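[1] Got a sequence here, can you model it:
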Amino acid sequence: MLNRIRFKKRSYAFDLKPTSIDQASEWLVENLEEAGAEKSDRLRMRLLFEEALLNTAEHSGAEQQATAYLERRQGRYSLRLVTTGERFNPLQAGTESEQDEWSVSLFSVIDMHVHYAYSLGSNVVRLSLPRTTWNPVLKIIIAIAVGALIGIIGNVFIPDSAQEAFSETVLHPIADMWVRLLQAVSGPIIFLTALTATFGTKRIADFGGSRVSTVVRYFAISALVSVFSIACSLPFFPLDIAATEANRQVVSNTLDGILQIVPGNLVEPFSSANTPQLLLIAIATGYVLATIEPQISGLKSLVQQLNVLGLTVANYTCALVPFFVGLLLCLKIWTHDIDLLGAIWVPLVLSAVLSGVVVLAALLVTSARMRVNPMLLARKLKDPFVDALKRGTLDFTTVDDLATSCKQLLGINREFSRAILPQGLFLYMPTSTVGICVFVLFAAYTQQLEIDQAWVISAAVLAVIMAVATPPVTGANLLSFVMVFTYLAIPNDAFLDVMVFDIVFGVLCIATDQAMLQIETINQAERMGFLDAKTLRAPIANDASPRG
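    Modelled structure (predicted):
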């Protein structure tokens, strides 16, 4: 804290020779570390700083002089890079450097403020980091505490008639606006996420793999997890499922419902927010764009900007969740409708247990297949798992740290990891499927919905679709729940509960999905010849455990 208070503006002048760029990068990291900036923020700023320098060096030559200014303004660390010469935006230039790989940059620009200007013969790039934020779960706890406090104080000091009038004239319209906002942004965000993630799978083809088989495998595993989750959850939520006679008409109607995923036109899925149709269009578009990308200049940059747009909107939308949790909690207290929130621990515990079972099953299967001790593999996955729990979200640090861990402990080629992991973090989220399945059944049980087998099948399918299509931002699964609730006709009364559930379970989900992805990457690397089995089976340094 003292470092942040005393931080003063600093500058560094240098040329753009490779050694000078390395020294400038070290200067930046050292000063940010001294100032108390988070590790993820240091890495993100270094990433874009190096990209700007490399592009400028390629454009203007290694003798070009540059000056970097580091300062702290309005609670944000800001880096200003100044170079003289003709107009040139170094962060819009395309290079084939490792830093420019779009799949790695997916997380680097979330909430990062980037500004370019040309003034008095100088190119000026300003990179501003986000303000330091609290853990998402802590924010939710504070929001619940504040909302409950306001609600209780209102019950004590404000007459019932005034509470009712304020709720109907102010709180209810605001709550309805929040639901409409989520419904409006969820479709485009999910479309952009699925499109850019599918486009990024072309990196798999670059390593000799099959994009189609990889995505199909992600879907297949998520589908198995979805069926398992529903089967295990039904005993805890004894729903009254209406029986339907199994005849040709029922089968025909069910098949017709599944085939409705193919839209009649390209406009209706967006106007009606039809989730399955949006996902199909996004995947098909991403695959086509990945195929024609070499023939169209600037296409990769366009797709990257679309991804940044989707992630930024999702990030800002999720940042509003704590405020609306407090508001809706206050509303429920004043309307004496707080019973449902008290039972939220049931789906939370059940989802956590089932997620643990899914990760354990994947670990045991992979251990047997690779002939490695399961306990040894678990210890190799432990540190990234714990780091993800502490971090509570995904960013560039995730890809960089995971690639290092996969290389040093799991024996996976680093370049292969850096290509596979970003797409996997978007497309492969099986324990997110667990949470969606469990909470949907919980909501149907508490809302006393009349359902049938087709409803349950739809829930299972939607859970897979939404887990694949949701951006990996803590709280973003709320967008999935909005789409699922709309499709399955679940009342909006459950929104407070799902917001709390999504944030709390989402932190665990980030860690378990990451572990599942590491395990799956072992299998992919082995099939494609990028796995060093000796490293995978080798004990951890200073670990006396026997080899598997």
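[2] Next, the buried residues of the top helix by length along the chain.
    Looking across the chain with DSSP state H, the single longest helix is helix 495-528. Along helix 495-528, these residues count as buried under the neighbour rule (16 or more other C-beta atoms under 10 Å): 495-526, 528. To be clear about C-beta, it is placed using only N, CA and C from the backbone, and glycine gets the same treatment.
[3] what mean pLDDT does it have?
    For helix 495-528, mean pLDDT is 86.
[4] Equivalent analysis for stretch 466-473, please.
    Mean predicted confidence for stretch 466-473 is 69.
[5] If we ignore the residues flanking it in sequence, what's nearest Ile436?
    Leaving aside its sequence neighbours, Ile436 sits nearest to Ala463 (C-beta to C-beta, 6 or more residues apart in numbering; 4.1 Å).
[6] For that neighbour, report the pLDDT, please.
    For Ala463, the pLDDT comes out at 86.
[7] what's the next secondary structure element after the one helix or strand it maps to?
    Using DSSP states H and E, Ala463 sits within helix 453-469. Toward the C-terminal end, the helix or strand that comes next after helix 453-469 (DSSP H and E) is helix 477-488.
[8] Just give me how far that following helix sits from the chain centre.
    Centre-to-centre, helix 477-488 and its host chain are 16 Å apart (C-alpha atoms, centre = their mean, to the nearest Å).
[9] With stretch 13-30 instead?
    Distance, centroid of stretch 13-30 to centroid of chain: 32 Å (C-alpha atoms, centre = their mean).
[10] need the helix or strand of this protein with the lowest average pLDDT.
    The least trusted helix or strand in the chain, going by mean pLDDT, DSSP states H and E, turns out to be helix 102-105, with a mean of 43.
[11] If you count neighbours, what's buried in the helix or strand that it is followed by?
    Sequence order places strand 113-119 as the next helix or strand after helix 102-105, per DSSP H and E. Neighbour counts over strand 113-119 (16+ other C-beta under 10 Å) mark Tyr116 as buried.
[12] by contact count, what packs against strand 113-119?
    If you count contacts as 3 or more C-beta pairs under 8 Å, 6 or more residues apart in numbering; DSSP states H and E, strand 113-119 packs onto strand 122-128.
[13] Partner strands of the strand it packs on and their direction?
    According to DSSP bridges, strand 122-128 forms sheet pairs with strand 76-84 (antiparallel), strand 113-119 (antiparallel).
[14] Out of the ones you listed, which is closest to Gly147?
    Set against Gly147 and scored by C-beta to C-beta, those come closest in strand 76-84, at 28.7 Å.
[15] For that closest one, which outside residues touch it?
    With contact meaning C-beta atoms under 8 Å, 6 or more residues apart in numbering, strand 76-84 is reached by 28, 32, 35, 37, 41, 45, 49, 52-53, 56, 60, 64-72, 90, 113, 121-131.
[16] Buried ones from these, can you make that a ChimeraX selection?
    Those of the contacts of strand 76-84 that count as buried under 16+ other C-beta under 10 Å are selected in ChimeraX with:
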select :28,32,35,37,41,45,49,52,53,56,60,64,66,68,70,71,72,90,123,125,126,127,128,129,130
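[17] before we move on, back to that, with Trp178 as the reference, name the closest of the strands paired with strand 122-128.
    Judging the strands paired with strand 122-128 by C-beta to C-beta, what sits closest to Trp178 is strand 113-119, at 25.7 Å.
[18] returning to that earlier point: make sure the residue nearest to Ile436 is actually in contact with Val438.
    No. Applying C-beta atoms under 8 Å as the test, Ala463 and Val438 come out as separate, 9.3 Å apart.
[19] Now for those two: what residues contact both?
    When C-beta under 8 Å, 6+ apart defines a contact, the residues bordering Ala463 and Val438 alike are Ser229.
[20] Show the average pLDDT along stretch 45-61.
    Mean pLDDT, stretch 45-61: 87.
[21] Output that stretch as PDB, nothing but the C-alphas.
    Coordinates of the C-alpha atoms in stretch 45-61 are reproduced here as PDB (Å, rounded to 0.1, in the frame of the first residue of the first chain):
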ATOM      1  CA  MET A  45       1.200  -4.700 -19.500                       C
ATOM      2  CA  ARG A  46       4.500  -6.300 -20.400                       C
ATOM      3  CA  LEU A  47       2.800  -8.300 -23.200                       C
ATOM      4  CA  LEU A  48       1.300  -5.300 -24.900                       C
ATOM      5  CA  PHE A  49       4.500  -3.200 -24.300                       C
ATOM      6  CA  GLU A  50       6.700  -5.700 -26.000                       C
ATOM      7  CA  GLU A  51       4.300  -6.100 -28.900                       C
ATOM      8  CA  ALA A  52       4.300  -2.400 -29.500                       C
ATOM      9  CA  LEU A  53       8.100  -2.200 -29.400                       C
ATOM     10  CA  LEU A  54       8.600  -5.200 -31.700                       C
ATOM     11  CA  ASN A  55       6.100  -3.800 -34.200                       C
ATOM     12  CA  THR A  56       7.700  -0.300 -34.100                       C
ATOM     13  CA  ALA A  57      11.200  -1.900 -34.500                       C
ATOM     14  CA  GLU A  58      10.000  -3.800 -37.600                       C
ATOM     15  CA  HIS A  59       8.400  -0.600 -39.000                       C
ATOM     16  CA  SER A  60      11.000   2.000 -38.200                       C
ATOM     17  CA  GLY A  61      14.200   0.100 -37.600                       C
END
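[22] sorry, back to before: just give me how far the helix holding Ala463 sits from the chain centre.
    Centroid displacement of helix 453-469 relative to its chain, using C-alpha atoms, centre = their mean, is 19 Å.
[23] CA atoms only for that helix, dumped as CSV, please.
    What follows is helix 453-469, C-alpha atoms only, in CSV (Å, rounded to 0.1, in the frame of the first residue of the first chain):
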residue,chain,number,x,y,z
GLN,A,453,-39.0,-35.9,-20.1
ALA,A,454,-38.6,-33.5,-23.0
TRP,A,455,-38.0,-30.6,-20.6
VAL,A,456,-35.3,-32.6,-18.8
ILE,A,457,-33.6,-33.6,-22.1
SER,A,458,-33.7,-29.9,-23.2
ALA,A,459,-32.1,-28.9,-19.9
ALA,A,460,-29.3,-31.4,-20.5
VAL,A,461,-28.7,-30.2,-24.0
LEU,A,462,-28.8,-26.5,-23.1
ALA,A,463,-26.3,-27.0,-20.3
VAL,A,464,-23.8,-28.4,-22.7
ILE,A,465,-24.4,-25.7,-25.3
MET,A,466,-24.2,-22.8,-22.8
ALA,A,467,-21.1,-24.1,-21.0
VAL,A,468,-19.3,-24.3,-24.4
ALA,A,469,-20.6,-20.8,-25.5
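[24] That helix vs helix 495-528, what angle?
    70 degrees (axes from the mean of the first three to the mean of the last three C-alpha atoms, to 10 degrees).
[25] Pull out the buried positions in helix 453-469.
    455-456, 458-469.
[26] Ala13 belongs to a strand, doesn't it?
    Yes. Assessed by DSSP: H, G, I helix; E, B strand; the rest coil, Ala13 belongs to a strand.
[27] Nearest spatial neighbour of it, chain-adjacent residues omitted?
    Closest to Ala13 by C-beta to C-beta, 6+ apart is Thr67, at 4.8 Å.
[28] Quick check: that neighbour touching Ser11?
    Yes. The criterion here is C-beta under 8 Å, and Thr67 meets it with Ser11 at 6.1 Å.
[29] Contacts only, for Ser128.
    Taking C-beta under 8 Å, 6+ apart as the test, what Ser128 contacts is Arg73, Arg76, Tyr77, Ser78, Leu79, Met112, His113, Val114, His115.
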